[in-house]
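Trainee: The following comprises the amino acid sequence and a computationally predicted model.
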Amino acid sequence: MCDAFVAELWGVLEGLCYVKSMGFNKVELCIDSQSVVQVIQKVSVQSSMGGSLVRRIRRLLELDWEVEISHTYRETNNCVDALANLGCSMGLELTTFEECPSQIREIYDADSMGFTTPRMITV
């Protein structure tokens, strides 16, 4: 079992490995965890929690390709959130989709058109 921070790191690592294996040379990586973005972009790893994952991610980032990393709020990409929820109902094996799964087609279309969910903040 792991916490959300380590789960995010695993998602970043597996995602980068996957897109690299697919031959992509220019990647935009939007992460909804500011702490994950910060630890990946820091010069040194202070925490041992997820430290080996961070080092593996950094080694991937040093390869011959362009990866732009940025923080994004979860509300700006409902499609990713829906895919994560769909993944929770599936087995542990890796599943790839050649086409958009029917369960998230509406959300995908809305994301493609730039629709977002308002973010509620306390002032």
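Mentor: Everything's here; your move.

Trainee: Enumerate the positions of the least confident helix or strand in the chain by mean pLDDT that are buried.
Mentor: Lowest on mean pLDDT, DSSP states H and E among the helices and strands of the chain sits helix 78-88, with a mean of 80. Across helix 78-88, burial judged by 16 or more other Cβ atoms under 10 Å covers 78-83. No exception for glycine: its C-beta is placed from N, CA and C like everyone else's.

Trainee: would a markdown table of these with distance to residue 117 be doable?
Mentor: Listed next are these as a markdown table, based on distance: Cβ to Cβ, whole Å:
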| residue | distance to residue 117 |
| --- | --- |
| 78 | 6 |
| 79 | 12 |
| 80 | 13 |
| 81 | 9 |
| 82 | 12 |
| 83 | 16 |
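
Trainee: from the residues you listed, which single one is nearest residue 70?
Mentor: Closest approach to residue 70 among those (Cβ to Cβ): residue 80, at 13.6 Å.

Trainee: what pLDDT, on average, does the longest helix seen in the chain get?
Mentor: When every helix of the chain is counted residue by residue (DSSP state H), the longest turns out to be helix 4-21. For helix 4-21, mean pLDDT is 92.

Trainee: quick one, phi/psi of the nearest residue to residue 34 once chain neighbours are set aside?
Mentor: Excluding its sequence neighbours, the residue lying closest to residue 34 (Cβ to Cβ, 6 or more residues apart in numbering) is residue 71, at 4.9 Å. Backbone torsions of residue 71, given as degrees, to the nearest 10, read phi -90, psi 140.

Trainee: May I have the phi/psi pair for residue 67?
Mentor: In terms of degrees, to the nearest 10, the main-chain angles of residue 67 are phi -130, psi 120.

Trainee: can I assume it is in contact with residue 16?
Mentor: Yes: using Cβ atoms under 8 Å, residue 67 is in contact with residue 16, at 7.1 Å.

Trainee: what is in contact with those two at once?
Mentor: 27, 29, 61 (Cβ atoms under 8 Å, 6 or more residues apart in numbering).

Trainee: Mind checking which of those residues land in helices?
Mentor: Going by DSSP H, the helices hold residue 61 from those.

Trainee: Closest to residue 104 out of the shared contacts of residue 67 and residue 16?
Mentor: Using Cβ to Cβ, residue 29 comes nearest to residue 104 of the shared contacts of residue 67 and residue 16, at 20.0 Å.
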